[in-house]
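Trainee: only the shape, not the letters, is given here:
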């Protein structure tokens, strides 16, 4: 076992230990396991919500995107900031409602607001379909990190198995507390590592930040801004808007709202989180530094930019520390996703099918589903193929479709009906699927539009379809006599 | 002081409309490309705006619930 691998293994054992200890002296009922009894103060909620920002996708993908595409990578900074601004106004009422009705999961919220378990099933399915590729991505990233940072001593296949086992073990024992406390270790490590790399690389290789960007500008003019075509300003702004709206629609992020002790905790976090995500800036700097130092990475290999540059620059033990930080960025979000997916399946699908199931039984089912979900993700992670990033983007477009129905449900006078909400979500998801499968863009759908408009993120169209169907169906339901609607509804097997 | 909440629209203008006017690499600002520096500055302003809104938010008082 080489020095780097020892450090990485140490991090995995540390995560396992903290994850087990997090349970300390608590009876694990369903409410403790899923939302920690709604007891977390600002720091832990903060870390759970920040967990969404620092996943392997940002660690490897953020630096890789800066390396491969340049300026367009800035969108990651922008959508987070806007999502936090929205969160200040939107999350407190979600939290209050969830506490008053003792909700455990995101679909629960829709079930109660729209008085429709069927809608809960729809929302759960959308959530699970979106979460699985996200989980696969974490495991794949973990495999890549261990293989590269461990100098190939352990292949990515055993690494994926070990990582999945660790995350599964502490989630089964400690639930969301395990994720929160391992997030503490993860964030301390990633903070130190990323800030160090982001400062060291530009200084070491170029003598300074401005010198580095000047060198890049000399070789690739305009690379550090947005290009004229492709990922243009129009693409950028529409993508930022779309992802900002979708940000809190991820089931695990939505679930982290419930863990807060009070709405004050949530409001304070909206102030600090924009600053915290500036750490991403340092990730970008690493990617930019790699452009002229490890040139020639193409395709999916751009994600290796950070690790390749580290291996080229540092001693094995330091590469090990970087790899350990990377492993934790995979384990923590991975464990949250596993927990959330298992909760959705048990609480919103199993319980919807068997109404007599009590909390104790739902918890038992959820715990059994944890390894099952992990196994499915491991299977896909080992399958290989590049389609994962495509699936992840599709997942993002999927969860964003929950946004209109959610926002309307927060209004004081609710005039959107459950049929409208369900129809809107399904229409939006169907549009996303159709667009993704046919690889349509705005350009192929509307060839006569000016070229700038064609570069708008195609997800906007799905959101528009969703909104129109939602309003149209709700309006129809309001004007059609209630009795006729009820009969039709029963015939369709509604509840 | 509910009017103060409208300040929250500024980050949206800066990040969704701003790029149309500041999409350039030079001049460098704080060693960063101009566009990147624009976003970084606005992240600080956004946090400040949220702090101001929190300070004056009347909702805050019934917040303990």
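Mentor: Everything's here; your move. Everything numeric in this text was worked out from a predicted model, so none of it was measured.
Trainee: for chain A, what's its nearest residue on chain B.
Mentor: Residue nearest to chain A within chain B (Cβ to the nearest Cβ): residue B:31, separated by 3.3 Å. Where C-beta positions appear, they are placed from N, C-alpha and C, glycine not excepted.
Trainee: that residue: neighbour count?
Mentor: Residue crowding around residue B:31 was assessed by other Cβ atoms under 10 Å in any protein chain shown; the count is 16.
Trainee: hmm, who's touching the helix or strand hosting residue A:461?
Mentor: Per DSSP states H and E, residue A:461 falls inside helix A:459-479. Outside helix A:459-479, the residues within contact range by Cβ atoms under 8 Å, 6 or more residues apart in numbering or on different chains are A:238-239, A:241-242, A:245, A:396-397, A:400-401, A:403-405, A:408, A:415-417, A:419-421, A:423-425, A:427-429, A:431-432, A:435, A:442, A:445, A:485.
Trainee: report the buried members of the residues you listed.
Mentor: Among these, those classed as buried by 16 or more other Cβ atoms under 10 Å in any protein chain shown are A:238-239, A:241-242, A:245, A:396-397, A:400-401, A:403-405, A:408, A:416-417, A:419-421, A:423-425, A:427-429, A:431-432, A:435, A:442, A:485.
Trainee: please list the residues of chain B that sit near chain A.
Mentor: Selection of chain B residues close to chain A by Cβ under 8 Å from any Cβ of the partner chain yields B:5, B:8, B:11-12, B:15-17, B:19-20, B:23-26, B:28, B:30-36, B:39-40, B:42-44, B:46-47, B:49-51, B:53-54, B:57, B:59-60, B:63-65.
Trainee: my read is that residue A:178 contacts residue A:168, right?
Mentor: No. Using Cβ atoms under 8 Å, residue A:178 makes no contact with residue A:168, being 10.5 Å away.
Trainee: between these two, who's got more neighbours?
Mentor: residue A:178 (28 against 22).
Trainee: next structured bit after the least confident helix or strand in chain B by mean pLDDT?
Mentor: Lowest on mean pLDDT, DSSP states H and E among the helices and strands of chain B sits helix B:19-22, with a mean of 87. Following helix B:19-22 in sequence order, the next helix or strand is helix B:34-56 (DSSP H and E).
Trainee: sketch out the low-pLDDT regions of the stretch 101-250 of chain A for me.
Mentor: Nowhere does the stretch 101-250 of chain A drop to pLDDT under 70.
Trainee: can you tell me the residue of it closest to chain B?
Mentor: Using Cβ to the nearest Cβ, the closest approach of the stretch 101-250 of chain A to chain B is made by residue A:209 at 3.3 Å.
Trainee: look up how far residue A:431 lies from that residue.
Mentor: Residue A:209 sits 43 Å away from residue A:431, going by Cβ to Cβ, to the nearest Å.
Trainee: one more: residue A:190?
Mentor: Taking Cβ to Cβ, one finds residue A:190 at 36 Å from residue A:431.
Trainee: residue A:252 now?
Mentor: Distance from residue A:252 to residue A:431, by Cβ to Cβ: 24 Å.
Trainee: now the spatially most central residue of chain B. Nearest residue, chain neighbours left out?
Mentor: Geometric centre of chain B, nearest residue: residue B:46, 2.6 Å, by Cα atoms, centre = their mean. Leaving aside its chain neighbours, residue B:46 sits nearest to residue B:11 (4.2 Å; criterion: Cβ to Cβ, 6 or more residues apart in numbering or on different chains).
Trainee: got it, and residue A:401?
Mentor: residue A:428 is the one closest to residue A:401 (Cβ to Cβ, 6+ apart), at 3.5 Å.
Trainee: so that neighbour touches residue A:403, yeah?
Mentor: No. Counting by Cβ under 8 Å, residue A:428 does not reach residue A:403; the two are 9.1 Å apart.
Trainee: flag the shaky bits of chain B, pLDDT-wise.
Mentor: Within chain B, the stretches with pLDDT under 70 are B:1, B:59-65.
Trainee: immediately after the helix or strand harbouring residue A:169, which helix or strand?
Mentor: Using DSSP H and E, the element containing residue A:169 is helix A:156-174. Per DSSP H and E, the first helix or strand lying C-terminal to helix A:156-174 is helix A:176-206.
Trainee: give the buried residues for that next one.
Mentor: A:176-183, A:185-187, A:189-190, A:193-195, A:197-198, A:200-202, A:205-206.
Trainee: from the residues you listed, which are also near chain B?
Mentor: Within the buried residues of helix A:176-206, nothing lies near chain B by Cβ under 8 Å from any Cβ.
Trainee: thinking again about what came up before, so the residue nearest to residue B:46: helix, strand or coil?
Mentor: At residue B:11 the chain is in helix, as set by DSSP: H, G, I helix; E, B strand; the rest coil.
Trainee: quick check: it touching residue A:81?
Mentor: Yes. Using Cβ under 8 Å, residue B:11 is in contact with residue A:81, at 6.1 Å.
Trainee: surely the residue of chain B closest to chain A and residue A:206 touch.
Mentor: No. Using Cβ under 8 Å, residue B:31 is not in contact with residue A:206, being 10.4 Å away.
Trainee: neighbours of residue A:472, just the number please.
Mentor: By other Cβ under 10 Å, 14 other residues sit near residue A:472.
Trainee: repeat that for residue B:20.
Mentor: Residue B:20 has 13 nearby residues by other Cβ under 10 Å.
Trainee: OK, contacts around it?
Mentor: A:233, A:237.
Trainee: now residue A:276. Nearest residue, chain neighbours left out?
Mentor: The shortest distance from residue A:276 to any non-neighbouring residue, by Cβ to Cβ, 6+ apart, is to residue A:50 (5.8 Å).
Trainee: still on that earlier bit, once you drop chain neighbours, what's closest to the residue of the stretch 101-250 of chain A closest to chain B?
Mentor: residue B:31 (3.3 Å).
Trainee: pull the longest helix from chain A.
Mentor: Longest helix in chain A, counting residues (DSSP state H): helix A:117-149.
Trainee: any buried residues in that helix, and which?
Mentor: Neighbour-count burial for helix A:117-149 flags A:117-149 (criterion: 16+ other Cβ under 10 Å).
Trainee: same check on stretch B:50-59?
Mentor: For stretch B:50-59, using 16+ other Cβ under 10 Å, the buried residues are B:50, B:52, B:53, B:54, B:57.
Trainee: in contact with the fourth one, which residues?
Mentor: Contact analysis of residue B:54 by Cβ under 8 Å, 6+ apart lists A:88, A:267, A:268, A:270, A:271, B:60.
Trainee: among the residues you listed, who's most crowded?
Mentor: Busiest of the contacts of residue B:54 [other Cβ under 10 Å] is residue A:270, holding 26 neighbours.
Trainee: quick one: contacts of the helix or strand where that residue lies?
Mentor: Using DSSP H and E, residue A:270 sits in helix A:263-276. By Cβ under 8 Å, 6+ apart, the residues outside helix A:263-276 that reach it are A:40-42, A:45-46, A:49-50, A:53, A:80-81, A:84-85, A:87-88, A:91-92, A:95-96, A:257, A:260, B:43-44, B:46-47, B:50-51, B:54, B:57, B:60, B:63-65.
Trainee: what's the angle from the helix or strand following that helix to helix A:176-206?
Mentor: Downstream of helix A:263-276, the next assigned helix or strand under DSSP H and E is helix A:279-293. Angle of helix A:279-293 versus helix A:176-206, following axes from the mean of the first three to the mean of the last three Cα atoms, to 10 degrees, is 40 degrees.
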